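Peer 1: below are the sequence and a predicted model; questions follow.
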Amino acid sequence: MSAATPQTSAESTSAPAYKRKALFAAAVGYGLDGFDLLILSFALGGIIATFGLSDVEAGSLSTITLFGAVLGGIIFGSLADRYGRVRVLTWTVLIFAVFTGLSSIAQGYWDMAAYRFIAGIGIGGEFGIGMALAAEAVPANQRARATSWVGVGFQIGVFAAAIVAAPVIALWGWRALFIIGLFPAIFAFVIRRGIEEPDKFVQSQRGHTAGESGDSSESAGSPDLPTFGAKIRALVKDKATVKISFALIVLSTVQNFGYFGIIAWLPNYLSERMDLGVTKGSLWTAVTVIGMLAGILIFGQVADRLGRRPAFWIFQAGAIVSILVYSQMTDPTALLIGGFFMGAFANGMLGGHGALLAEMYPTQVRATAQNVIFNIGRALGGLAPVVIALLADSFGFAFALALLPTIYIIQFLAMFLLPEKRGIELE
């Protein structure tokens, strides 16, 4: 059976209805990723108490999940380039859902770590596949906005977790949060039944350039398609590509380190160390997440109108200032307002990574590039919960947070290595 079937119905993948469906599927798939990662953050207090873990051991559960995501990103990115964005996205959601649900029956650190690692494998495929699907489904002048909507899906998942976590824990305990993670399995079947593969992917698989209509006898997954090794080598095929891949890994690492450095310990910091309690800590975190959501939407508009470099530079400067100011705040009202702006600048760039990665690589390796590069950054950035815990144990969380702005200077410089491709059609 071929991986992709070209559209024969009246609804082409260039039609507005298809674009909406593709963006919705990509956004919800990535939203499940965000939901899972934040319920783990809210469950950490209960997990620590139940299993008698140290802060460093508890923080390592987030890091282990992200290491699984690297493996999943490599595997599923390559599979999505061969068998289809929609089909493989379905597989990743099923793996994520099942092993998130199994986390609810963990009896200690090691089996919890195993469940988190395998759930991470499923999570690892969702970013790159969803971003590739979104980028291929829209015109070039809307690409950053489309991938930003996928990033918004992630934040809505995070926001949902921030809202439901406190009442669920109060009523049924931390294990119930992971039981909720089983429900995405239903959505996986909805994805597969309702959405076709994008035209750019179908044409690439059949050896045609966009718009050609030649013979379609060549099946997807045929031997002439790039092998896994060839796809990885394509990310470092020459000096110019090495420079681009290196810059994107730096950008992804900083993005993820900043995000996980803030979000993994923010609920615990606000509820316990700033004496806001679980309910207020949850609400204050939710406001920070709303800021992240707003920042992503604004970033997409700026990147499509002004260009990728100006958008990243504006938000990187904003992240440096807002995180530094937030780290010095102690008043609850100031923390509420400051959290919104810190979230907007620190995570507003998320959607832009999908557009950048899509623009730098051809269709036959696009999902591989998205997943491999972003998940390398996610694994390195995933060290943030452990690094923050170590620094907080010695110097306090405020000090650890105050060090975060320095990483955005590195990200700022990396943008000089990337060509500007705003409005240019995908290869």
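Peer 2: Received it, and whenever you're ready, just let me know what you need.
Peer 1: now do residue 397, the pLDDT please.
Peer 2: pLDDT, residue 397: 74.
Peer 1: could you do residue 222 as well?
Peer 2: 44.
Peer 1: what of residue 75?
Peer 2: Listed pLDDT for residue 75 reads 88.
Peer 1: who touches residue 264 in this structure?
Peer 2: 41, 59, 62, 384-385, 388 (Cβ atoms under 8 Å, 6 or more residues apart in numbering). C-beta: built from backbone N, CA, C; applies to glycine.
Peer 1: return a PyMOL selection command for the buried portion of these.
Peer 2: Burial among these is assessed by 16 or more other Cβ atoms under 10 Å; the matching PyMOL selection reads:
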select buried, resi 41+59+62+384+385+388
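Peer 1: next one: residue 27 from residue 137, what distance?
Peer 2: Here residue 27 is placed at a distance of 12 Å from residue 137 (Cβ to Cβ, to the nearest Å).
Peer 1: those two: who's more crowded?
Peer 2: Set side by side, residue 27 and residue 137 show more neighbours around residue 137, with 27 against 23, by other Cβ atoms under 10 Å.
Peer 1: the more buried one and residue 28, how far apart?
Peer 2: Counting by Cβ to Cβ, the gap from residue 137 to residue 28 is 14 Å.
Peer 1: same question, residue 49
Peer 2: According to Cβ to Cβ, residue 49 stands 33 Å off from residue 28.
Peer 1: okay, the two: which has more neighbours?
Peer 2: Between residue 49 and residue 28, counted using other Cβ under 10 Å, the more crowded position is residue 28 (21 against 10).
Peer 1: which residue is the nearest non-sequential neighbour of that one?
Peer 2: Of all residues beyond its chain neighbours, the one nearest residue 28 is residue 153 (5.8 Å), with distances taken as Cβ to Cβ, 6 or more residues apart in numbering.
Peer 1: ok, the one you found - contacts?
Peer 2: Listed by Cβ under 8 Å, 6+ apart, the contact set of residue 153 reads 26-31, 34, 130.
Peer 1: same thing but at 7 Å, please
Peer 2: Shown in contact with residue 153 (Cβ atoms under 7 Å, 6 or more residues apart in numbering): 27-28, 30-31.
Peer 1: and for residue 134?
Peer 2: Residue 134 sits next to 22-23, 26, 146-147, 149-150, 354 when contact means Cβ under 7 Å, 6+ apart.
Peer 1: go again using 10 Å as the cut-off
Peer 2: 19, 22-27, 30, 85, 142-143, 145-151, 153, 198, 351, 354-355, 358 (Cβ atoms under 10 Å, 6 or more residues apart in numbering).
Peer 1: just residue 69 next, same as before
Peer 2: 33, 37, 96, 117, 119-127, 256, 371, 374-375, 378-379, 382.
Peer 1: again, 8 Å this time
Peer 2: Listed by Cβ under 8 Å, 6+ apart, the contact partners of residue 69 are 120-121, 123-124, 375, 378-379, 382.
Peer 1: just the buried positions in the host helix or strand of residue 293, please.
Peer 2: Element membership for residue 293, per DSSP states H and E: helix 277-306. By 16+ other Cβ under 10 Å, the buried positions in helix 277-306 come out as 278, 280-300, 302-304.
Peer 1: and the pLDDT at the residue most central in space within the chain?
Peer 2: The residue lying closest to the centre of the chain (Cα atoms, centre = their mean) is residue 127, at 4.8 Å. On pLDDT, residue 127 comes in at 80.
Peer 1: wait, it touches residue 31, no?
Peer 2: No. Look at residue 127 against residue 31 with Cβ atoms under 8 Å: they stay out of range, at 11.3 Å.
Peer 1: circling back: who are the packing partners of the helix holding residue 293?
Peer 2: If you count contacts as 3 or more Cβ pairs under 8 Å, 6 or more residues apart in numbering; DSSP states H and E, helix 277-306 packs onto helix 16-51, helix 143-172, helix 239-263, helix 266-268, helix 308-326, helix 332-347, helix 350-360.
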